[in-house]
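Peer 1: My questions are about this predicted structure, shown below with the sequence.
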Amino acid sequence: MASDVDMGVSGGDVDAVCVARRAVLCEAVKAFNGSVPVYHHDICNGVFTATVFVLFPLSGGVDAISMMDARGGGRRTKDEAEESDADALLSVLEENLKAEADDITEQLAKLSM
């Protein structure tokens, strides 16, 4: 599996940090007390697809939960399919929970430096 944080040089003396969308999704879900994201994979004709599921507690009671899911586009590898899913679910979180994924990405980048 690919590293969650890749560091490299983009040109000159400038360091570039790329944080996997899966890592960003995990941090965003934690902020809303959600479960660990779970991925379900499919493959058809060499194209990987996946669906990511996350559970969130509702304020209505101990057993009250809400499930969010998202499906990304078809990709060449399982990892790429998961990244596509994470990106799709982050969009759903931003829209429904008013989460700011860009802020989380910046915080992760600072931690890794």
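Peer 2: Arrived safely, thanks for sending.
Peer 1: just the helices in the chain please.
Peer 2: Counting by DSSP state H, one finds helices in the chain at the ranges 21-31, 78-97, 101-112.
Peer 1: now these in JSON lines, with mean pLDDT and mean neighbour count?
Peer 2: All C-beta spots, glycine's among them, are computed from the backbone N, C-alpha and C. Below are the helices of the chain laid out as JSON lines (pLDDT from 0 to 100; neighbours: other CB atoms under 10 Å):
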{"stretch": "helix 21-31", "mean pLDDT": "91", "mean neighbour count": "20"}
{"stretch": "helix 78-97", "mean pLDDT": "91", "mean neighbour count": "19"}
{"stretch": "helix 101-112", "mean pLDDT": "53", "mean neighbour count": "14"}
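Peer 1: Next, format those helices as CSV and append distance to residue 46.
Peer 2: Formatted as CSV, the helices of the chain follow (distance: least, CB to CB, whole Å):
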stretch, distance to residue 46
helix 21-31, 22
helix 78-97, 12
helix 101-112, 30
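Peer 1: of these, which approaches residue 50 most closely?
Peer 2: Of all these, it is helix 78-97 that lies closest to residue 50, at 4.2 Å by CB to CB.
Peer 1: what's near enough to touch residue 81?
Peer 2: 41, 48, 49, 50, 72, 74, 75 (CB atoms under 8 Å, 6 or more residues apart in numbering).
Peer 1: follow-up on the earlier one: relative to residue 62, which of the helices of the chain is closest?
Peer 2: Going by CB to CB, the one of the helices of the chain nearest residue 62 is helix 21-31, 19.6 Å.
Peer 1: that older thread, quick one, which of the helices of the chain gets closest to residue 57.
Peer 2: helix 21-31 (11.7 Å).
Peer 1: Against which helices or strands is the closest one packed?
Peer 2: strand 47-57, helix 78-97, helix 101-112 (3 or more CB pairs under 8 Å, 6 or more residues apart in numbering; DSSP states H and E).
Peer 1: In TSV: the ones you listed, plus distance to residue 35.
Peer 2: Putting those into TSV (distance: least, CB to CB, whole Å) gives the following:
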stretch	distance to residue 35
strand 47-57	4
helix 78-97	12
helix 101-112	17
